[in-house]
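Participant: I would like the atomic coordinates for the input below:
(one chain, ligands or ions: 1)
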Amino acid sequence: MLEKIQETAGFIKSRVQTIPNIAIILGTGLGELVHEISDKKDIPYENIPNFPVSTVEGHSGKLIFGKLGGKDVIAMQGRFHYYEGYTMQEVTFPIRVFQALGIKYLFVSNAAGGMNGSFDIGDIMLIDDHINTFPEHPLRGKNYKELGVRFPDMSDAYNKELRLLAMQIAKENNIKLQHGVYVGTQGPTFETPAEYNWFRIIGGDAVGMSTVPEVIVANHAKMKVLAFSIITDLGVIGKIVEVTHEDVQEAAKIAQPKMAYIMQEVIKKIN
Ligand code: HPA
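Facilitator: As a prediction, the model looks like this:
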């Protein structure tokens, strides 16, 4: 695994002039942020050695290099989901490559169902914390000291300073920003009403099928993480209706300019 990571990082270094210290993962329907990136250069996943290839509709699959908020960034347009059949090592492989490249900050976005009764479709939720219900853990197995410690701390998995910065920016710009706990689940089914209720009871505000594996590995790699969910449907008793992938993409599209704005402003303020 270590050689594969080095090989992929080496390939990227040979293709790109400046290696950023900020990486961004764009979730379902949230790829538009790439239009804000200037001086773009992209590398499709299929051209990157050892990279899995994304299979889901709405996830186009490339690494984009360029400038956002005046800083160099790498953006992943399309991520790898556990439900697609990848192992957790494959799902989180890009994070390991980011680690090898020296990435210090990871920004993450996703589409999620809202269980908190005060949430509306189209809201942005700053992720304060998560609950991991995936059946497989990305750090299970041999621990490579070079990558991180055996028992990583998760008490600040979503960096407090970055969260405060995001909240401040949202407030100054009159952007409604909810915050709460993200429950990561394997999917690919959306939840039954009883499951949404269960996730609410255990302390969740939103639920989705991604993010948690990447954030665990990013924390193992000592990156600072900032993550947002766009609430695309509601898992609130009395408000639950049929939901499709298209509905999720549509709702995410509408909310994304505001999330992109916050991300961009946070990027301007970090080193
Ligand atoms: N559940 C799980 N994942 C999701 C949802 C949901 O309601 N909405 C968007 N992704």
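Participant: switch to C-alpha atoms for all contacts and neighbour counts from now on
Facilitator: Noted.
Participant: interface residues of the stretch 51-200 of the chain facing the ligand?
Facilitator: Residues of the stretch 51-200 of the chain found near the ligand (Cα under 6 Å from any ligand atom) are 111, 112, 113, 190, 191.
Participant: in JSON lines, list the residues you listed along with neighbour count.
Facilitator: As requested, these are exported to JSON lines (neighbours: other Cα atoms under 10 Å):
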{"residue": "111", "neighbour count": "30"}
{"residue": "112", "neighbour count": "31"}
{"residue": "113", "neighbour count": "28"}
{"residue": "190", "neighbour count": "20"}
{"residue": "191", "neighbour count": "19"}
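Participant: please identify which of these is nearest to residue 226.
Facilitator: In terms of Cα to Cα, no member of those lies closer to residue 226 than residue 111, at 14.8 Å.
Participant: what bridges to that closest one?
Facilitator: Taking DSSP bridges as the rule, residue 111 bridges to residue 230.
Participant: and the host helix or strand of residue 25, C-alpha only, in PDB?
Facilitator: Per DSSP states H and E: residue 25 is located in strand 22-26. Extracted C-alpha coordinates of strand 22-26, given in PDB (Å, rounded to 0.1, in the frame of the first residue of the first chain):
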ATOM      1  CA  ILE A  22      -5.600  22.300   0.500                       C
ATOM      2  CA  ALA A  23      -7.800  19.500  -0.900                       C
ATOM      3  CA  ILE A  24     -11.500  19.600  -1.500                       C
ATOM      4  CA  ILE A  25     -13.900  16.700  -2.100                       C
ATOM      5  CA  LEU A  26     -17.000  17.600  -4.000                       C
END
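Participant: tell me what it is packed against?
Facilitator: When contacts are defined as 3 or more Cα pairs under 8 Å, 6 or more residues apart in numbering; DSSP states H and E, strand 22-26 sits against strand 71-77, strand 105-114.
Participant: excluding its backbone neighbours, what's nearest residue 188?
Facilitator: Excluding the flanking residues, the one nearest residue 188 by Cα to Cα, 6 or more residues apart in numbering is residue 83, at 5.7 Å.
Participant: in TSV: the residues of the stretch 51-200 of the chain next to the ligand, plus pLDDT.
Facilitator: Putting those into TSV (pLDDT from 0 to 100) gives the following:
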residue	pLDDT
111	93
112	95
113	96
190	96
191	96
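Participant: any idea of the angle the host helix or strand of residue 246 forms with strand 71-77?
Facilitator: Secondary-structure assignment from DSSP H and E places residue 246 in helix 245-269. When axes from the mean of the first three to the mean of the last three Cα atoms, to 10 degrees is applied, the directions of helix 245-269 and strand 71-77 differ by 170 degrees.
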